[in-house]
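Visitor: Fold the following and give me the result.
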Amino acid sequence: QVQLVESGGGLVQAGESLRLSCTASGSIFSISAMGWYRQAPGAQRELVAMIGSSDNTNYADSVKGRFTISRDKAKNTVYLQMNSLKPEDTAVYYCNAVNVRVGQVRYPEVRGQGTLVTVSS
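Guide: The predicted structure follows:
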């Protein structure tokens, strides 16, 4: 079984920074991609950033230049450095792992429980 555990959320003021971390636990053989989604109150879930097996990255237009995603493959951990935070970044941030292999089992997608980020103006 695979679990994703997020940390690093909290309350900050506009313009400040936060760093989110997410670690996948279990007897993991490989993970194709990891990333972050977010969901604000009353809104749909949206992709924030993803990082692939070749460290190729993809960002939502709204966070380009402010957020940076990185990955430690040896630790099955993904990070999201969020700078110059804005009130509109307020949301629950969910970690996501794609194509997780545990022995002979492949999990197409695994999602964490989420961590709340609140940015006050």
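Visitor: show me where the chain has strands.
Guide: When secondary structure is read from DSSP state E, the chain shows strands at 3-7, 10-13, 18-25, 30-39, 46-51, 57-59, 67-72, 77-82, 91-102, 105-111, 115-120.
Visitor: Point to the residue nearest the middle of this structure.
Guide: With distances taken as C-alpha atoms, centre = their mean, the chain has W36 as the residue nearest its mean C-alpha position (2.7 Å).
Visitor: How about the contacts made by the nearest residue to it once chain neighbours are set aside?
Guide: Using C-beta to C-beta, 6 or more residues apart in numbering and skipping the chain neighbours, the partner closest in space to W36 is V48 (4.4 Å). Every residue, glycine included, has its C-beta placed from N, CA and C. When contacts are counted by C-beta atoms under 8 Å, 6 or more residues apart in numbering, V48 touches 35-38, 59-60, 63, 67, 80, 93.
Visitor: need these in JSON lines with distance to G8 and pLDDT, can you?
Guide: Listed next are these as JSON lines, based on distance: C-beta to C-beta, whole Å; pLDDT from 0 to 100:
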{"residue": "G35", "distance to G8": "15", "pLDDT": "97"}
{"residue": "W36", "distance to G8": "11", "pLDDT": "98"}
{"residue": "Y37", "distance to G8": "15", "pLDDT": "98"}
{"residue": "R38", "distance to G8": "13", "pLDDT": "98"}
{"residue": "Y59", "distance to G8": "18", "pLDDT": "98"}
{"residue": "A60", "distance to G8": "19", "pLDDT": "98"}
{"residue": "V63", "distance to G8": "16", "pLDDT": "98"}
{"residue": "F67", "distance to G8": "13", "pLDDT": "98"}
{"residue": "L80", "distance to G8": "8", "pLDDT": "98"}
{"residue": "Y93", "distance to G8": "9", "pLDDT": "98"}
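Visitor: between the residues you listed, which has the most around it?
Guide: Neighbours were tallied for each of these (criterion: other C-beta atoms under 10 Å), and the maximum of 27 neighbours falls on W36.
Visitor: Tell me the spacing between the nearest residue to L80 once chain neighbours are set aside and N96.
Guide: Leaving aside its chain neighbours, L80 sits nearest to L20 (4.3 Å; criterion: C-beta to C-beta, 6+ apart). Taken as C-beta to C-beta, to the nearest Å, the spacing of L20 relative to N96 amounts to 12 Å.
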